[in-house]
Structure formats: C-alpha cells, structure tokens
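Student: what shape does this take:
(one chain, ligands or ions: 1)
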Amino acid sequence: MDKKRANGRYYTRGNPFQLKPFQRWAKDSNLEQQIVLEPFAGAKDIPRLIDSSGFLCQDWAFYDIGPGTEGIVQRDTLTDFPKGFNVCITNPPWLARNSATRRGLPFPETTNHDDLYKYALEQCLTYCEWVAAIIPEAFIRSGLFCHRLCDFISLVPQTQNGTGQDNQSRNTSRMFDDTEHPVGLALFAPHGTSDVRVWRNNQLLGKLSELRRHLPLASRNRNIVFNEPKGNLGLIAIDNTVSASIRFCSPAELGEYRVRYQCRSITKIGVPWCVDIDVLNVHLATIRERTHDVFFTAFKGLRSDGYYRRRLDWTLARAIIDIDNPQLTLNI
Ligand SMILES: C[S@@+](CC[C@H](N)C(=O)[O-])C[C@H]1O[C@@H](n2cnc3c(N)ncnc32)[C@H](O)[C@@H]1O
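Tutor: Sure thing, here's the model as predicted:
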C-alpha cells in the first residue's frame with residue numbers, strides 16, 4: 001500500500017470525458033489533430049476512456065516512472081518532463097507532503113507545493129498549452145493556476161438510487177479502484193481566462209467569481225475563539241452521512257463533549273456577544289445553497305442524498321459568525 005502511495009498511484013476508473021465541458025475543451029484544443037501526452041500513464045486507462053467517449057486524436061505518447069503496461073516509456077517525468085507536446089491529458093500522482101513526511105516517503109525537494117499533484121500539474125502547464133487533469137476536488141479552493149483554468153468539474157459519483165444527480169453522472173461512477181477521494185477534472189487553456197466555469201458533472205454551478213460573491217467578508221476577529229470549552233456557541237462542522245447537516249447549536253446541546261484542540265468536526269466557540277443561533281444557521285444555509293458548497297471541503301464518501309459530505313472550516317465559520325457582529329452593525 002505504501003509503495004502505491006509513494007507513487008501517488010490510484011488509477012482512473014469511471015469516465016469524466018463524456019461530460020459537456022470536456023467535449024468543448026476537446027474541440028477548442030483541436031484534439032483530433034494532436035499527439036497527446038500522458039506523462040503519468042499508469043496502465044493507460046485515460047486513453048481507453050477518451051476512446052470510449054468517442055474522441056479521436058492523432059496519437060498518444062506515454063511515460064511513467066513505473067509503467068503499468070506495455071508501450072510506456074519508463075521515465076521520472078517530474079524531474080525530466082517530456083517536451084514538444086501541445087496537449088496533455090492525465091491523472092497525476094497525488095501525495096500530500098505531510099503524509100509523505102509521516103510515512104517516511106520521499107517528496108521532491110525542488111518544490112514548495114504541499115502536494116505532489118500540484119507540482120506535477122505545474123510541470124504539465126509549463127510545457128503544454130492545453131492540459132486536462134483529474135485532481136483532488138480541493139484544488140478549486142487553492143486558487144492555483146487560475147489564470148489558465150477555464151473549467152473545473154466536481155466529479156460526483158452516481159449513487160445507486162441516483163438521487164440528486166443527472167443521468168450523465170453515471171459516467172463518473174467510481175473514479176478510482178481503491179479510493180473514493182473527492183475528485184475533479186480541471187481543464188486548462190493556453191491563454192488567460194477571465195473566469196472559471198465551475199460544474200458538478202454536467203450541471204454548470206456558475207462562474208468562480210460569482211460564486212465567491214456569496215461568501216461573507218473574510219474576518220480576522222480573534223475575539224471569536226474556537227475550541228473554547230466555556231464557549232457560548234456550538235458548531236457541528238461536518239455533514240452526517242444523510243444530508244447537509246452542518247449547523248451551529250447551543251453549547252448545551254453538545255453536553256459534556258470535551259473540546260479537543262486538534263478537532264475540526266465539533267467545537268465550542270467563544271463569541272463576545274449574544275449570538276442568535278437560528279440567524280447564523282440561516283446565513284449558513286443561504287451560503288451553502290448559493291455557492292453549491294464549492295468552498296466547503298469535501299470528504300471521502302457520499303451522503304445518502306447523493307452529494308459529498310462537506311466540512312465547514314474555521315475561517316469561513318468565523319466569517320459567518322462575524323456577519324452579525326453588533327459592533328460592525330453599529331458602525332454601518
Ligand atoms: C494517480 S496514478 C494515475 C495513472 C494514470 N494516469 C491513470 O489515470 O490511470 C499516477 C501515476 O503517476 C506515476 N508516477 C508517480 N511519480 C512519477 C514520476 N516521478 N514520474 C513519472 N510517473 C510517476 C505512478 O507510477 C502512477 O502510475
């Protein structure tokens with residue numbers, strides 16, 4: 001398992017290349033006429049998926065540090081990236097730097113990125129004009145490489161009952177063999193794009209800047225103290241497995257729950273004014289609805305309503321609480 005993790009090796013399954021945004025990208029990149037690079041080719045799953053989506057290209061060039069099948073050039077493409085290709089379609093290796101450190105796995109010293117996939121993506125974007133990459137869904141919150149990003153698709157697998165998803169989502173069911181990590185398909189163009197279209201499978205959720213507009217103003221109010229055992233506000237910061245259930249609550253509801261400093265799922269918060277919990281939950285629900293949860297971290301595993309479980313991080317929670325800061329309201 002660790003060898004697999006060291007090379008970030010989870011092969012692609014499911015087919016995101018039948019989705020509308022990819023079809024447009026394939027047309028814009030003139031895929032039919034291109035020799036396409038797969039610099040982290042694994043067992044050549046990506047060309048099979050492209051093929052079964054009905055796309056043609058002139059040819060493929062395959063590289064991998066540990067080829068999973070025949071016809072792949074053995075090469076460390078992170079240190080010696082193949083040159084001379086216009087178009088790259090890949091699912092690069094993923095490995096968080098802290099996970100590598102914890103497990104004693106090697107991590108390139110030539111990058112400051114916190115995950116191998118960001119470094120791999122940087123290489124692809126440096127040498128190729130058009131890049132399509134299957135990467136963690138969290139990428140859309142990183143703000144990286146946005147000047148070349150034209151579309152980002154959150155790939156939500158189809159659940160058995162199919163609730164909440166459109167029919168085409170079936171194409172994305174079970175993206176990986178042995179991980180259900182939330183994933184997205186990022187589509188990059190050669191020139192700057194004015195905004196990023198954000199999708200959930202085939203559903204256009206909106207432009208990234210428009211979605212951001214529904215977020216509250218960032219707050220630096222350090223008088224709002226998280227993990228405060230005597231706090232006057234409770235927060236259940238992760239969805240349950242059934243529905244969108246993140247909510248603020250009274251600290252009494254958390255009973256004798258012992259606040260743990262490292263915990264990011266349930267907490268008590270010290271707020272220096274009398275909070276209206278119902279109003280906070282209305283803010284939260286409105287933000288979730290209008291942003292389609294794009295800025296909430298997704299978890300492994302789907303809720304039974306067919307969407308990813310989400311977590312509300314402390315930065316956004318602080319901003320929501322501060323919306324009703326009486327001092328700010330008085331200053332208006
Ligand atoms: C996430 S897997 C994806 C494989 C394939 N792209 C797919 O979608 O099925 C990542 C691949 O990157 C390869 N890899 C990891 N580090 C590499 C490196 N430095 N140079 C080339 N390939 C590497 C692994 O061997 C693995 O096959």
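Student: neighbours of Ile266, how many?
Tutor: Neighbour count for Ile266, taken as other C-beta atoms under 10 Å: 15. Heads up, the C-betas are built off the backbone N, CA and C, glycines and all.
Student: was I right about it contacting Ile246?
Tutor: No: between Ile266 and Ile246 there is no contact under C-beta atoms under 8 Å: 10.6 Å.
Student: find residues that contact each of those two.
Tutor: Common neighbours of Ile266 and Ile246, counting by C-beta atoms under 8 Å, 6 or more residues apart in numbering, are 236-237.
Student: ramachandran coordinates for Ser52?
Tutor: phi -70, psi -10 (degrees, to the nearest 10).
Student: that one: what's it in contact with?
Tutor: Here Ser52 is in contact with Asn15 (C-beta under 8 Å, 6+ apart).
Student: distance of it relative to the ligand?
Tutor: 14 Å (C-beta to the nearest ligand atom, to the nearest Å).
Student: likewise Cys124?
Tutor: Cys124 sits 12 Å away from the ligand when distances are taken as C-beta to the nearest ligand atom.
Student: report the contact partners of that residue.
Tutor: Shown in contact with Cys124 (C-beta under 8 Å, 6+ apart): 39, 81, 88, 90, 92, 131, 133.
Student: could you rerun that using 6 Å?
Tutor: 88, 131 (C-beta atoms under 6 Å, 6 or more residues apart in numbering).
Student: my read is that Asp76 contacts Gly66, right?
Tutor: No: between Asp76 and Gly66 there is no contact under C-beta atoms under 6 Å: 9.9 Å.
Student: next, count neighbours for Pro229.
Tutor: 11.
Student: OK, contacts around it?
Tutor: Val259.
Student: distance of it relative to Phe248?
Tutor: 17 Å (C-beta to C-beta, to the nearest Å).
Student: same question for Ala319.
Tutor: Using C-beta to C-beta, one obtains 13 Å as the distance from Ala319 to Phe248.
Student: out of the two, which sits in the more crowded spot?
Tutor: Set side by side, Ala319 and Phe248 show more neighbours around Phe248, with 24 against 19, by other C-beta under 10 Å.
Student: what's the nearest residue to that one if we skip its chain neighbours?
Tutor: Leu280 (4.4 Å; C-beta to C-beta, 6 or more residues apart in numbering).
Student: in terms of helices and strands, where is the one you found?
Tutor: Applying DSSP states H and E as the criterion places Leu280 in helix 277-291.
Student: would you mind measuring from whatever residue of the chain ends up closest to the ligand to Gly68?
Tutor: In the chain, the residue found nearest to the ligand is Gly42; the distance is 2.6 Å by C-beta to the nearest ligand atom. The gap separating Gly42 from Gly68 is 5 Å, by C-beta to C-beta.
Student: so these two - more neighbours on which side?
Tutor: Gly42 (22 against 14).
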